[in-house]
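*Asks:* Here is the input, now give the coordinates:
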Amino acid sequence: MDHYDAERTGDKDMKLTCPWMIAGLILIAPGAQAQLLGGPVGQVVPDVLDRVGGVVERSGLERLSPARLADRLVAARASRIGALLRQHGEAVELDDRREPARRGVILLTGADAASLEALRAAGFGVESEAIEGLDLSVARLQVPQGRSLARALRDVRRIAPMAQASADNLYFPGGSANGAATGGLASSGTVGRGAAGLIDGGVARHPALTGPVEQRGFARGAPRASAHGTAVASLISGTGSVRGAAPGTALLVADVYGDDPAGGGAFAIVRALGWMAARGVPVVTVSLVGPDNPLLAGAIRLARDKGVTVVAAVGNDGPAAPPAYPASYAGVVAVTGIDGRGRLLPEAGRAAHVDFAAPGADMNAARSDGGKGAVRGTSFAAPLVAGRLLVRGSLTALRAEAETPKGKARGFGQGIICAKCRNND
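*Replies:* Numbers count the residues shown, from 1 in each chain. Reported below is the predicted structural model:
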């Protein structure tokens, strides 16, 4: 098991207490809030994701004006971040862009030996690591005690101006799944080359997951079964009660959350992506959403050079939100979600581009307790596209499969994939 533990810096100046953040908690019912947040705080807080109760409700989103919908989604996102900071300020803080990140950690690439020595002299801890499968070297800096991450990033960029510094930003699920992760891990030894890749939470044993599954942890306490990871996995390779887009396909699963309060970080995702590139995975599903991060952007470019195609969800912060990552990176297949009537989900986020749409609501997926249940979010559209891409073998062939949306609708990219993949029987 691989893990990296954040250390406290003692900085307490990064807390959000804005009234409009609290308003977000009042405006949105618990079930809907879990979805609108792009996944509840729980996916980066032990067990909370798997305790989301009840079917996710639309909460009248389609009846809201665009302006009111945007306000509600902004408030919900702020509430999620505020709650995360209040509950886990020892592990999480905001970076210089006010984005959540692992406390006291800076990721640095392109630094020469002299710059690293200068950083050590300035009080930074320096630990270097070669990322498996990507030919990428990363210096992981520990911020001096008592210094905020935002200030430390400015200091690092001044000391090492030719290097690229970023926070270890956190990424949240693009949807919520019901059920507690009560089952054990799905496992059947080692899978061969050509498996479908999944970077998410861990995957539980389930009757629908009959294909080989290999899992590895990239966070404290990982791999660990999760409701979100199990649901996404079933929509790729499920058979029987939950049929995925590529039934029976072998899965290589990277759990980047475990039980780490600062799970889902850029560094963990990069290491997971390198592992998959080294294992010859052609398609990787990332149903996670967060800010632009230079290290993650570079890793995705390197993985693409190794033949890996990343399929990512656009998230659920609404069409007025800033572009979501990694879906917005060039070369990533960005996926939005539709409901049972073929309409774009009103809460679906946006990316710099949208390639395809797929079902993301009015549908079922595997529950980690062995059954199946309703899911909602762009998280669950992405694995359907990834599965079909794996089956078809190329984006050109996948485009030929895409269905044209009704009328002159925009925002569907190149069409709808797997329109009838809903497991509602």
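*Asks:* Domain-wise, how is the protein divided?
*Replies:* Using automatic domain parsing, the domain parsing of the chain gives 1-94+169-425, 100-168.
*Asks:* Make a markdown table from these and add mean pLDDT to it.
*Replies:* Shown next, in a markdown table, are the domains of the chain (pLDDT from 0 to 100):
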| stretch | mean pLDDT |
| --- | --- |
| domain 1-94+169-425 | 82 |
| domain 100-168 | 97 |
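*Asks:* want to throw these into a markdown table with mean neighbour count?
*Replies:* All C-beta atoms are positioned from the backbone trio N, CA, C, and that covers glycine. Below are the domains of the chain laid out as a markdown table (neighbours: other Cβ atoms under 10 Å):
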| stretch | mean neighbour count |
| --- | --- |
| domain 1-94+169-425 | 22 |
| domain 100-168 | 18 |
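*Asks:* In contact with Gln215, which residues?
*Replies:* For Gln215, the contacting residues are Leu185, Ala186, Ser187, Gly202, Val203, Pro223, Val253, Ala254, Asp255, by Cβ atoms under 8 Å, 6 or more residues apart in numbering.
*Asks:* pretty sure Val213 contacts Asp255?
*Replies:* No. Assessed by Cβ atoms under 8 Å, Val213 is found out of contact with Asp255, at 11.7 Å.
*Asks:* Tell me how many other residues surround Asp96.
*Replies:* Asp96: 17 surrounding residues under other Cβ atoms under 10 Å.
*Asks:* Against Arg157, how distant is it?
*Replies:* 9 Å (Cβ to Cβ, to the nearest Å).
*Asks:* Gly315 belongs to a strand, doesn't it?
*Replies:* No. Looking at Gly315 with DSSP: H, G, I helix; E, B strand; the rest coil, it is coil, so not inside a strand.
*Asks:* Can you name the residues that contact it?
*Replies:* Counting by Cβ under 8 Å, 6+ apart, Gly315 touches Gly38, Phe172, Gly174, Val289, Ala321, Ala324, Ala327, Ala348, Gly349, Thr378.
*Asks:* what helix or strand is Gly197 on?
*Replies:* Element membership of Gly197, judged by DSSP states H and E, is strand 196-200.
*Asks:* Adjacent strands (with direction) for that strand?
*Replies:* Here strand 196-200 has these sheet partners by DSSP bridges: strand 251-255 (parallel), strand 283-286 (parallel).
*Asks:* closest one to Ala78 among those?
*Replies:* Proximity to Ala78, assessed across those by Cβ to Cβ, is greatest for strand 283-286 (23.7 Å).
*Asks:* Go ahead and name everything in contact with the following helix or strand past that closest one.
*Replies:* Per DSSP H and E, the first helix or strand lying C-terminal to strand 283-286 is strand 288-289. With Cβ under 8 Å, 6+ apart as the contact definition, strand 288-289 has outside contacts at 38-39, 171-174, 199-200, 256, 264, 269, 312-317, 324-327, 349.
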